[in-house]
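Peer 1: no sequence for this one, just the structure:
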């Protein structure tokens with residue numbers, strides 16, 4: 001009988017294990033997790049069940065891989081599984097421990113005042129650390145398979161900084177026994193979405209101009225060694241197929257996918273540029289001196305420069321003034337009528353990916369994503385207009401405040 005692999009923990013370590021397993025052609029039967037909000041959803045395309053589901057597999061040859069860190073309750077999970085009849089070292093193994101141990105060993109040897117950071121969705125360990133002389137840094141620990149990607153990212157950071165684009169300088173990249181680490185300058189400031197809640201519309205607009213100008217400058221750069229993926233965003237046919245295969249459906253998302261099907265030829269043969277790939281308002285930070293620092297380059301690649309526009313439109317969910325400023329900063333004024341067809345298309349492209357992401361999220365998060373897509377779609381009058389209504393209001397001289 002073939003051994004079935006069950007992964008306990010559908011968080012960041014679960015994602016890490018699933019991706020490492022896929023590279024080694026190891027099939028994961030399912031995930032189990034104590035978080036009731038995750039039951040019935042998916043992690044990396046694999047179904048998540050409650051731990052009680054293990055009882056239904058009692059007659060199977062099972063190995064449970066615990067993808068939970070010590071700080072998140074590894075010992076409690078081991079006791080929970082042993083009370084269910086499993087035995088650590090026999091049919092329970094831990095994927096997370098070694099990586100966490102390597103990180104702790106590095107920190108104890110070189111740094112002080114370390115704090116675990118629960119930031120973003122990327123599957124890696126993140127820490128605030130200080131050198132012995134008190135200088136702060138951002139430490140990120142990832143799987144060994146990420147080394148070449150992080151090396152390219154290090155080169156990219158230097159290129160951006162040398163061209164006047166504010167990013168966090170990666171000062172070190174190294175390998176540990178089971179993982180790799182990067183060390184970057186600590187950013188003093190706050191996320192833009194948080195800062196906008198405390199400031200006025202005029203400030204939002206002027207800040208948006210800076211953001212748009214930074215993105216335009218990034219798109220104008222060229223790399224001597226183009227060792228990055230060249231992509232045309234996500235394959236929309238694949239996104240649509242995976243979305244409907246999971247039994248999901250809504251009137252709004254049907255409109256989105258139908259629009260993309262009908263207009264997908266407009267982006268054929270578009271020139272490729274260096275793009276951020278996830279120019280979300282949450283991937284931009286504001287310093288005390290009101291400079292914008294761009295973060296999170298995990299999806300940076302060569303693609304159509306206008307593909308980053310979809311995320312700019314989504315900025316309007318937080319501040320329409322900021323989104324208008326971004327567009328004006330990027331295009332040095334109003335986008336042309338021709339450009340709006342691409343902005344509309346890539347906004348719907350991102351909306352489609354938003355719809356697909358609901359498959360692997362809790363019902364609460366699914367509701368948030370669905371509401372966001374419905375709002376964005378309403379701006380474009382269910383895609384009967386290529387320009388969102390708030391931009392039309394701006395052109396008409398109406399206040400956005």
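Peer 2: Yep, that arrived. Worth saying up front: this structure is predicted, and the values here are computed from it rather than measured. Residues are numbered from 1 along each chain as shown.
Peer 1: surely residue 10 meets residue 40?
Peer 2: No - using CB atoms under 8 Å as the test, residue 10 is too far from residue 40 to be in contact (11.3 Å). Where you see a C-beta, it was placed from the backbone N, CA and C, and this is true even at glycine.
Peer 1: Check the contact lists of the two and give me the overlap.
Peer 2: residue 48 (CB atoms under 8 Å, 6 or more residues apart in numbering).
Peer 1: In terms of packing, which of these two has more residues around it?
Peer 2: residue 10 (28 against 12; other CB atoms under 10 Å).
Peer 1: sec struct for that one, please.
Peer 2: Per DSSP: H, G, I helix; E, B strand; the rest coil, the secondary structure class of residue 10 is coil.
Peer 1: list the contacts for it?
Peer 2: Counting by CB under 8 Å, 6+ apart, residue 10 has contacts 31, 32, 33, 35, 38, 43, 48, 67.
Peer 1: Please name the nearest non-neighbouring residue to the third one.
Peer 2: Across the structure, with CB to CB, 6 or more residues apart in numbering as the measure, the residue nearest residue 33 apart from its sequence neighbours is residue 10 (4.4 Å).
Peer 1: before we move on, what about the fifth one?
Peer 2: Excluding the flanking residues, the one nearest residue 38 by CB to CB, 6+ apart is residue 48, at 4.9 Å.
Peer 1: what about that neighbour, which SS state?
Peer 2: Per three-state DSSP, residue 48 ends up strand.
Peer 1: Report the beta-bridge partners for it.
Peer 2: On the basis of DSSP bridges, residue 48 is bridged to residue 31.
Peer 1: circling back: PyMOL command to pick out the buried ones of the contacts of residue 10?
Peer 2: Only the buried entries of the contacts of residue 10 go into this PyMOL selection, using 16 or more other CB atoms under 10 Å:
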select buried, resi 31+32+33+38+43+48+67
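Peer 1: Of the contacts of residue 10, which is the nearest to residue 240?
Peer 2: Top of the list for closeness to residue 240, among these and by CB to CB, is residue 43 at 21.2 Å.
Peer 1: Who are the contact partners of residue 112?
Peer 2: 129, 130, 131, 132.
Peer 1: got the phi/psi numbers for it?
Peer 2: Dihedral pair for residue 112: phi -140, psi 170, per degrees, to the nearest 10.
Peer 1: if I read this right, the residue nearest to residue 38 contacts residue 34, doesn't it?
Peer 2: No - the pair residue 48 / residue 34 is not scored as a contact, 10.7 Å apart, by CB under 8 Å.
Peer 1: Excluding its own residues, what touches stretch 81-100? List them.
Peer 2: Contacts for stretch 81-100 (CB under 8 Å, 6+ apart): 7-9, 13, 16-17, 20, 51, 54-55, 58, 62-71, 74, 78, 125, 141, 143, 177-179.
Peer 1: Kindly recompute the last result at 7 Å.
Peer 2: Outside stretch 81-100, the residues within contact range by CB atoms under 7 Å, 6 or more residues apart in numbering are 13, 17, 54, 62-70, 74, 78, 125, 141, 178-179.
Peer 1: Any idea how far the top helix by length along the chain is from the middle of the chain?
Peer 2: Ordering each helix of the chain by length in residues (DSSP state H) puts helix 337-357 first. Here the centre of helix 337-357 is set off from its chain's centre by 17 Å, with CA atoms, centre = their mean, to the nearest Å.
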